[in-house]
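after the sequence you'll find the predicted model.
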Amino acid sequence: MSAAATTQTTTQDLREQALDGTPLHGTLVIDNHCHIDPAAHFYQPFNDADGMVRTMDRVGMDQACVFSSMAILLDMRGGNDISLAAARRYPGRLLAYGVPDPHEADLVRDELQRCLDEGAVGIKLHTSVANYPFDGPGYLPAFELADRHRLPLISHGTGTPDTLRRIARDYPGCHFIVAHAGGGSPSNSRDLVQVAAEEPNVYLDTAASVGYLGDFTEMVRLAGANKILYGSDMPWTCATYQLGRVLLSPITDDEKRRILGENLAELFKTKR
Ligand SMILES: [Zn+2]
């Protein structure tokens, strides 16, 4: 990077910083979509709290929202304990999200309340792993708590665009985040992006296992940079690849900064 670029913080220098491999110091970066602890079937390097913070330091990431793979796949309470312990180990760097198991609907409200009492700042649903509908009764306590406390709630799977719109209007205090809106996952569709463009409490997550040329930029154009939150899905995917999709895109540095961290920081401030 040229000396001039390193001293400029307000001009269009994020693209150059990314190509240079420089950690993103000076830019608030909050990853809204991270899995902690191992999961079966594929390779997840650096998947514990220490490994995640090591990755974050390497790329210049300030904070990461973590939800437990075990909570999603096997054991709600045991998995949530892992996320809560990680947040205690790295206060202010790792932010725990509680995960409900909708098949244990009777336990969901108390378990999520326990997570909030012990420091969780958001909620994560994974409807496809749970094989459970987004608007099924097992998730209602999650929506109610997020609505009451004005929390972010990220969901992998949000039903049809009409379902998402209805739930978002029923729980206006909840900040709904459509996981994997920025890529070629089955949950991605232009109609969901349109819901985010129109509903004030619906946001889009950039994490994508497969990204197609132009789809991220199209999402920014349709929904606006204020409605998009950076997510990597790390360590299920690679943090630098996901960051590059934002940093190298043909949008302004102001838009990139909103997406990379400023939008989510503002959502966290609404907590009550
Ligand atoms: Zn994920």
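Right, received. Where do you want to start?

I'd like to know how many residues surround Ala223.
22 (other C-beta atoms under 10 Å). All C-beta atoms are positioned from the backbone trio N, CA, C, and that covers glycine.

strands of this protein, start to end?
With strands called from DSSP state E, the chain shows them at 30-36, 63-68, 94-98, 122-126, 152-156, 175-178, 202-205, 228-229.

residues touching the residue lying closest to Gly224 once chain neighbours are set aside, list them.
Spatial nearest neighbour of Gly224, excluding adjacent residues (C-beta to C-beta, 6 or more residues apart in numbering): Ala197 at 6.8 Å. By C-beta atoms under 8 Å, 6 or more residues apart in numbering, the contact list for Ala197 reads Leu222, Ala223, Gly224, Lys227.

can you list the strands of the chain in TSV and add mean pLDDT?
Shown next, in TSV, are these (pLDDT from 0 to 100):
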stretch	mean pLDDT
strand 30-36	97
strand 63-68	97
strand 94-98	98
strand 122-126	97
strand 152-156	97
strand 175-178	97
strand 202-205	96
strand 228-229	97
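
may I see these organised as JSON lines, with distance to Pro141 added?
Below are these laid out as JSON lines (distance: least, C-beta to C-beta, whole Å):
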{"stretch": "strand 30-36", "distance to Pro141": "22"}
{"stretch": "strand 63-68", "distance to Pro141": "17"}
{"stretch": "strand 94-98", "distance to Pro141": "11"}
{"stretch": "strand 122-126", "distance to Pro141": "10"}
{"stretch": "strand 152-156", "distance to Pro141": "11"}
{"stretch": "strand 175-178", "distance to Pro141": "15"}
{"stretch": "strand 202-205", "distance to Pro141": "20"}
{"stretch": "strand 228-229", "distance to Pro141": "23"}
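
compare those and give me the one nearest Phe143.
Across the strands of the chain, Phe143 has its closest neighbour in strand 152-156 (7.1 Å, C-beta to C-beta).

so how far is stretch 245-253 off the chain centroid?
Its chain's average C-alpha position is 18 Å from that of stretch 245-253, according to C-alpha atoms, centre = their mean, to the nearest Å.

one step back: pLDDT value on the residue nearest to Gly224, please?
Looking at Ala197, its pLDDT stands at 95.

that older thread, can you tell me which of the contacts of Ala197 lies closest to Asn32?
Among those, Lys227 lies closest to Asn32 (C-beta to C-beta), at 12.6 Å.

wait, isn't that closest one in contact with Ala196?
Yes. Applying C-beta atoms under 8 Å as the test, Lys227 and Ala196 come out as touching, 4.9 Å apart.

which residues do the two both contact?
Common neighbours of Lys227 and Ala196 (criterion: C-beta under 8 Å, 6+ apart): Val202, Tyr203, Leu204.

from these, which is closest to Ala85?
Nearest member of the shared contacts of Lys227 and Ala196 to Ala85, counting by C-beta to C-beta, is Tyr203, at 27.5 Å.

what about the closest one, how many residues close to it?
If you count neighbours by other C-beta under 10 Å, Tyr203 ends up with 24.

for the one 10 residues further on, same thing?
Applying other C-beta under 10 Å, we find 6 residues neighbouring Leu213.

for it, give me the backbone phi and psi.
With angles defined as degrees, to the nearest 10, Leu213 sits at phi -60, psi 120.

in this structure Ala208 contacts Arg245, no?
Yes. With contacts counted by C-beta under 8 Å, Ala208 reaches Arg245, the gap being 7.1 Å.

look at these two and report which has more neighbours.
Under the criterion of other C-beta under 10 Å, the comparison of Ala208 against Arg245 puts Ala208 first, with 24 against 19.

that one and Ser128, how far apart?
Plainly put, Ala208 is 15 Å away from Ser128 if you go by C-beta to C-beta, to the nearest Å.
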